[in-house]
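Visitor: Okay, predicted coordinates and the sequence, questions at the end:
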Amino acid sequence: MTGETDPSAPVHDSGPTGRDAAPEAHRTGRRRRGEQLMVPRATFDSYYGRPIIKAPAWEARDIAGYFFLGGLAGAGSVLAAAHQATGAPRTATALKITSLGSVGLATAALIHDLGVPSRFTHMLRVIKPTSPMSVGSWLLAVYGPLAGAAAASALSGRARRAGAAATAAAAVLGPAVATYTAVLAADTAVPAWHGAHRELPYVFAGSALTAASGAALALGPRRETGAARLTALLGAAGEAAADHAMRQRLGTVASTLREGRAGRLLRTARALTAGGVALGLWSGRSRAAGVLAGTALLAGSACTRFGVFAAGIASAEDPAHTVGPQRARMAERARMAERAQAAERASEAD
Amino acid sequence: MTETHGGPSGERGTAGRPDPAADTGHPEPPPRVGFFTDTSVCIGCKACEVACKEWNALPADGFSLSAMSYDNTEGLGASTWRHVAFVEQTVPDTAPTAVPSPEGRTELGLSPVERAGGSAGGEQTEAEETPGSKIRWLMSSDVCKHCTHAACLDVCPTGALFRTEFGTVVVQDDICNGCGYCVPACPYGVIEQRPDDGRAFKCTMCYDRLGAGMEPACAKACPTESIQFGPLDELRERAALRVDALHEAGVPDARLYGHDPDDGVGGDGAFFLLLDEPEVYGLPPDPQVPTRDLGRMWRHAAGAGLALAGAVAAATATLAAARKGRA
């Protein structure tokens, strides 16, 4: 951070620009009356405290819900294939149905959130690698039918070979469906999302795996829950580690993950996920424990996505979170340039 | 940013691409055009806002008072493509407020004001009463920056946003499906969806007028030539001369904003001469196009996806081994 900006300074209550700086100017002026000094700006400036970037107008229910459902569907397809391969067909079928239902609901949520839903097909007008939403639309267009075929074959018991192929293909695309949404969020100017663009995919992958494991625990028969218990643990551990790294990376912007609605949601998510993993250990002995653990894991995953979404909105609405990291970046760049210059001078002197 | 220095990590090279129209595939495009907004001569008349609204037939925003000085427009948005910011600052008496006008220009004497007192009764701050200080006004007409590396254009999934032959960025309103992705992508907070129909709108730099060889409505209407339109190269030269002249005249805080082709968005098609830090005007001090990190994001997403699959495989294998051990 530069000495003259304090990105953590709250700006919501500050008056118009210049009034932030005014009290400091006043105080210094009184001490040094008559001296002709420009007073260094003591606090962070903004234009009447207004946000610099615009927060997305997305409905949390639609888009955070979509992040959750996409994760559940994608990771569910991977788990389904694993259960299928290891002789746990009932859990596999349950997961295939979950994945189909989730991807269906997810698509509905996406279309619902469009300003002009009748133009949904415009999503498939072009293929744009620079647009995660375009990539995601095509991904869903391929993955959705595969998930559907896998579920249909498992339910009807027909076309087993095609069903197995669809199951395998959905499992290959599943991880992409679960993690691309992190890129979708991170490829914006929203400070809490873009600032965490390295960690967010791992947070989403972990959260997706706990959700799918939760579905397996809740829906699968008692004898088949062994794998899901383990994957729930791995998913939760991965998510916790990535979440920690994300907070470290975000610095001052991490406050948006701790405070307000986002903070409440993420704390709830942590408690639900930890509780779900612990309770899951009994799922082999008690069906009720499995259902409860699964439900907690699903709810925890949903809370994670809604929490990350809320943190993004909060970070976009506070100009300090836009200006602070940018000022820090500029200061760092200036420091590097200075160092390079010094090194150059030193080498010239030699 | 520091990480991207000296490596190929800028997934889209930001330097050495001076001609976005040609890069987009326009054969033999005309020279790239842009705006140079010299805020030091802006008088806050809002003629640009009105001309823009009229020419582009933009909907009204309703009548409301914001208590933000004379700024009741508040910011750029779906129906506001030019926005005049009014900044009231308390500065030491010694601060240069008398900004010399460019050569051959009549000085209108509207800025700065001397000790105007509380503008909104009762809101007079302590500082305004301080001897040895005075109030200065900064006025600035903001607009879409028409970035060289435009995030809105990059992330648009439908192709509704496109690069014109003039190097500007325009939304096709019959293609936009209201996904709203461009809104949080813009590092300047320019583009916005209209609440009534959800589609995104922003400044087109009067694409229709450009096609007819005319200048944009805002530049045409500006009475002080604060808004200058023309080929970007010429504008950059002119701006450099103007900022030098201001420095010589004792206005050390004058600086250009968005003129540098090496900045985080590859330089703006609409750049500014400011008299204070960008954030004072509501502008980001070091904007970056988010897609510059897209390659890294996809790599991490792939890594996370593999980790997910690996975790499932590991769990399944562990279980199988345990079963075998029992059997």
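Guide: Thanks, I have the structure now. Please read all numbers here as calculations on a predicted model, not as lab measurements.

Visitor: What residue in chain A comes nearest to chain B?
Guide: Residue nearest to chain B within chain A: A:G115 (1.4 Å; C-beta to the nearest C-beta). (C-beta placed from N, C-alpha, C; glycine too.)

Visitor: now the helices for the stretch 101-250 of chain A?
Guide: Along the stretch 101-250 of chain A, counting by DSSP state H, counting those that start in this stretch, helices occupy A:132-156, A:160-186, A:191-194, A:200-219, A:226-250.

Visitor: Ok, which of those comes nearest A:R258?
Guide: Among the helices of the stretch 101-250 of chain A, the nearest to A:R258 by C-beta to C-beta is helix A:226-250 (8.2 Å).

Visitor: which SS class is the closest residue to the residue of chain A closest to chain B other than its chain neighbours?
Guide: Among residues not flanking A:G115 along the chain, B:G198 sits closest, at 1.4 Å (C-beta to C-beta, 6 or more residues apart in numbering or on different chains). At B:G198 the chain is in coil, as set by DSSP: H, G, I helix; E, B strand; the rest coil.

Visitor: which ones are touching B:G198?
Guide: A:114-116, B:178, B:180 (C-beta atoms under 8 Å, 6 or more residues apart in numbering or on different chains).

Visitor: Identify, from these, the entry nearest to A:Y143.
Guide: Minimum distance to A:Y143 across the contacts of B:G198 is 19.4 Å, recorded for A:L114 (C-beta to C-beta).

Visitor: Show the pLDDT at the closest residue to chain A within the stretch 101-250 of chain B.
Guide: Using C-beta to the nearest C-beta, B:G198 is the residue of the stretch 101-250 of chain B that sits closest to chain A, at 1.4 Å. The score at B:G198 is 93. That number is its pLDDT.

Visitor: Over to A:R158?
Guide: On the pLDDT scale, A:R158 is placed at 93.

Visitor: quick revisit: possible to save the helices of the stretch 101-250 of chain A as a markdown table with mean neighbour count?
Guide: Listed next are the helices of the stretch 101-250 of chain A as a markdown table, based on neighbours: other C-beta atoms under 10 Å in any protein chain shown:
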| stretch | mean neighbour count |
| --- | --- |
| helix A:132-156 | 21 |
| helix A:160-186 | 23 |
| helix A:191-194 | 27 |
| helix A:200-219 | 31 |
| helix A:226-250 | 21 |
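
Visitor: Helices of chain B, start to end?
Guide: With helices called from DSSP state H, chain B shows them at B:20-24, B:47-55, B:151-155, B:182-185, B:207-211, B:217-221, B:232-248, B:294-326.

Visitor: just checking, which of the ones you listed sits deepest inside the structure?
Guide: helix B:182-185 (a mean of 29; mean count of other C-beta atoms under 10 Å in any protein chain shown).

Visitor: Quick check: the closest residue to B:F36 other than its chain neighbours vs B:L246, distance?
Guide: Take B:F36 and drop its neighbours on the chain: the residue closest to it by C-beta to C-beta, 6+ apart is B:L235, 4.0 Å away. Applying C-beta to C-beta, to the nearest Å, the value for B:L235 to B:L246 is 16 Å.

Visitor: Could you do A:V183 as well?
Guide: From A:V183 to B:L246 the distance is 43 Å (C-beta to C-beta).

Visitor: where in the chain is pLDDT low?
Guide: The chain I'm using is chain A. Low-confidence segments of chain A, defined by pLDDT under 70: A:1-44.

Visitor: think we crossed wires, I meant chain B
Guide: Scanning chain B for pLDDT under 70 picks out B:1-18, B:96-98, B:103-130, B:327.

Visitor: where along it do the strands fall?
Guide: With strands called from DSSP state E, chain B shows them at B:33-38, B:82-92, B:133-143, B:161-163, B:169-171, B:192-193, B:200-201, B:227-231, B:255-257, B:270-274.

Visitor: could I get these as a markdown table with distance to A:S213 and mean neighbour count?
Guide: Formatted as a markdown table, the strands of chain B follow (distance: least, C-beta to C-beta, whole Å; neighbours: other C-beta atoms under 10 Å in any protein chain shown):
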| stretch | distance to A:S213 | mean neighbour count |
| --- | --- | --- |
| strand B:33-38 | 54 | 28 |
| strand B:82-92 | 50 | 23 |
| strand B:133-143 | 49 | 24 |
| strand B:161-163 | 40 | 21 |
| strand B:169-171 | 43 | 24 |
| strand B:192-193 | 37 | 22 |
| strand B:200-201 | 39 | 24 |
| strand B:227-231 | 59 | 20 |
| strand B:255-257 | 50 | 19 |
| strand B:270-274 | 51 | 24 |
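
Visitor: Let me have those in JSON lines, adding distance to B:L283 as columns.
Guide: Shown next, in JSON lines, are the strands of chain B (distance: least, C-beta to C-beta, whole Å):
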{"stretch": "strand B:33-38", "distance to B:L283": "11"}
{"stretch": "strand B:82-92", "distance to B:L283": "9"}
{"stretch": "strand B:133-143", "distance to B:L283": "7"}
{"stretch": "strand B:161-163", "distance to B:L283": "21"}
{"stretch": "strand B:169-171", "distance to B:L283": "18"}
{"stretch": "strand B:192-193", "distance to B:L283": "16"}
{"stretch": "strand B:200-201", "distance to B:L283": "20"}
{"stretch": "strand B:227-231", "distance to B:L283": "16"}
{"stretch": "strand B:255-257", "distance to B:L283": "7"}
{"stretch": "strand B:270-274", "distance to B:L283": "8"}
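
Visitor: is stretch A:129-145 anywhere near chain B?
Guide: Yes: Stretch A:129-145 reaches chain B (C-beta under 8 Å from any C-beta of the partner chain) through A:130-134, A:137.

Visitor: got a list of contacts for that stretch?
Guide: Contacts for stretch A:129-145 (C-beta under 8 Å, 6+ apart): A:73-74, A:77, A:103-104, A:106-107, A:123-124, A:126-128, A:170, A:173-174, A:176-177, A:180-181, A:183-184, A:187, B:154-158, B:179, B:181, B:291, B:294, B:297.

Visitor: All the strands of the stretch 251-350 of chain A, in order from the start?
Guide: Applying DSSP state E, counting those that start in this stretch to the stretch 251-350 of chain A gives no strands.
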